[in-house]
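Novice: I need the structure of the sequence given here:
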Amino acid sequence: LRQANVRYHLIGGQSFFDRREIRDFLAYLKALINPNDDVAVKSNYVVPEKYVASATHEFHFFNGAGTATRLTAVFRAQTGHAYSWVFFGDANNDGTSGNDSFYMPSGPNDPKVTWSTSPSDPTGSIQAANFWSFVNGTDLKHYMGQIVPANRSANPVQKTIDLHLEQDIPLSFKDTRLKLFVDCLNFANIFKKSWGANTGMDFGNGYSGYSRPIASATVNASGQYVYTFSSSTLGSQLVFTDLSRWQLQVGARLEF
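Specialist: Model prediction:
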């Protein structure tokens, strides 16, 4: 419209400050000014790395001008949503569960932390060993002796392949073209369910949005955290079925 000098009035459009990249940039600026601003420390929706590669090949299956066929393949790879490690349950007794940032012990002998006991684990050593075995396979080991900062972990890398098939249809009207197209989104998922699967932690009520609980905690008479770690306190990564399925869409576009 601008190029054609056509006057228009936009109603309900996205404002400059509503743009995703602007929100992320402002959040980083706020975090630089105030590192204790948990919300601004790192945007909930930041995607640290994203790679896109595409290739198009043009065919001429039909005789005549304006009947080109194009096939485009697009490969995308990107890290998943950032998430925060939190306590399972209501660690600070504020009435809200799953929103308390997790304190990562400095080591197995951290004086601030002890372990709950049970008849099958009278000293708590079994769950402590299980906890440290799990930690060694995560980035939690980089935050020993401190509260884990917001959004310092990320869901698994997402990889997808999309196909776009487009056919030009000539029309008798001058400078008018009809394009028929078929899109297959997440094409590789047709052949194997694990290909193109979108997995990770879902959006919760953590202090920065996406969160993963790891252990519950109470406080004993000595002021120590009493940790409980088990499969029931550890948040499991989900498979987002709707995002992982292959999808097919067809359409037409008239250009003039």
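
Novice: pLDDT score for residue 156?
Specialist: At residue 156, the predicted lDDT confidence score is 88.

Novice: surely it and residue 237 touch.
Specialist: Yes. With contact defined as C-beta atoms under 8 Å, residue 156 reaches residue 237; the gap is 7.4 Å. Where you see a C-beta, it was placed from the backbone N, CA and C, and this is true even at glycine.

Novice: which residues are in contact with each of these two?
Specialist: Common neighbours of residue 156 and residue 237 (criterion: C-beta atoms under 8 Å, 6 or more residues apart in numbering): 199-200.

Novice: quick one: mean pLDDT over stretch 122-130.
Specialist: 95.

Novice: same thing with stretch 196-213?
Specialist: 72.

Novice: for stretch 76-92, buried residues please.
Specialist: 76, 78-89, 91 (16 or more other C-beta atoms under 10 Å).

Novice: for those residues, which one is nearest residue 244?
Specialist: Taking C-beta to C-beta as the measure, residue 244 sits nearest to residue 80 out of these, at 12.3 Å.

Novice: please name the nearest non-neighbouring residue to the closest one.
Specialist: Among residues not flanking residue 80 along the chain, residue 155 sits closest, at 2.5 Å (C-beta to C-beta, 6 or more residues apart in numbering).

Novice: and after the helix or strand of the chain with the lowest mean pLDDT, which helix or strand comes next?
Specialist: Among the helices and strands of the chain, strand 203-206 carries the lowest confidence by mean pLDDT, DSSP states H and E, at a mean of 53. Past strand 203-206, further along toward the C-terminus, the next helix or strand under DSSP states H and E is strand 209-213.

Novice: parallel or antiparallel, list what pairs with that next one.
Specialist: Paired neighbours of strand 209-213 in the sheet (DSSP bridges): strand 82-86 (parallel), strand 203-206 (antiparallel).

Novice: ok, residue 60 - how many residues close by?
Specialist: Neighbours of residue 60 under the rule other C-beta atoms under 10 Å: 9.

Novice: residue 66 is in contact with that one, correct?
Specialist: No. Judged on C-beta under 8 Å, residue 60 makes no contact with residue 66 at a distance of 10.6 Å.

Novice: can the buried residues of stretch 76-92 go into a markdown table with extra columns for pLDDT and distance to residue 186?
Specialist: Listed next are the buried residues of stretch 76-92 as a markdown table, based on pLDDT from 0 to 100; distance: C-beta to C-beta, whole Å:
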| residue | pLDDT | distance to residue 186 |
| --- | --- | --- |
| 76 | 93 | 10 |
| 78 | 89 | 14 |
| 79 | 86 | 17 |
| 80 | 84 | 15 |
| 81 | 81 | 18 |
| 82 | 82 | 22 |
| 83 | 86 | 23 |
| 84 | 86 | 28 |
| 85 | 91 | 29 |
| 86 | 91 | 31 |
| 87 | 93 | 35 |
| 88 | 92 | 33 |
| 89 | 90 | 36 |
| 91 | 87 | 38 |
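
Novice: distance to residue 119 added to the residues you listed, as JSON lines?
Specialist: Output for those, formatted as JSON lines (distance: C-beta to C-beta, whole Å):
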{"residue": "76", "distance to residue 119": "51"}
{"residue": "78", "distance to residue 119": "47"}
{"residue": "79", "distance to residue 119": "43"}
{"residue": "80", "distance to residue 119": "39"}
{"residue": "81", "distance to residue 119": "40"}
{"residue": "82", "distance to residue 119": "40"}
{"residue": "83", "distance to residue 119": "34"}
{"residue": "84", "distance to residue 119": "34"}
{"residue": "85", "distance to residue 119": "29"}
{"residue": "86", "distance to residue 119": "29"}
{"residue": "87", "distance to residue 119": "25"}
{"residue": "88", "distance to residue 119": "21"}
{"residue": "89", "distance to residue 119": "22"}
{"residue": "91", "distance to residue 119": "25"}
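
Novice: and which of these is nearest residue 106?
Specialist: residue 85 (15.5 Å).
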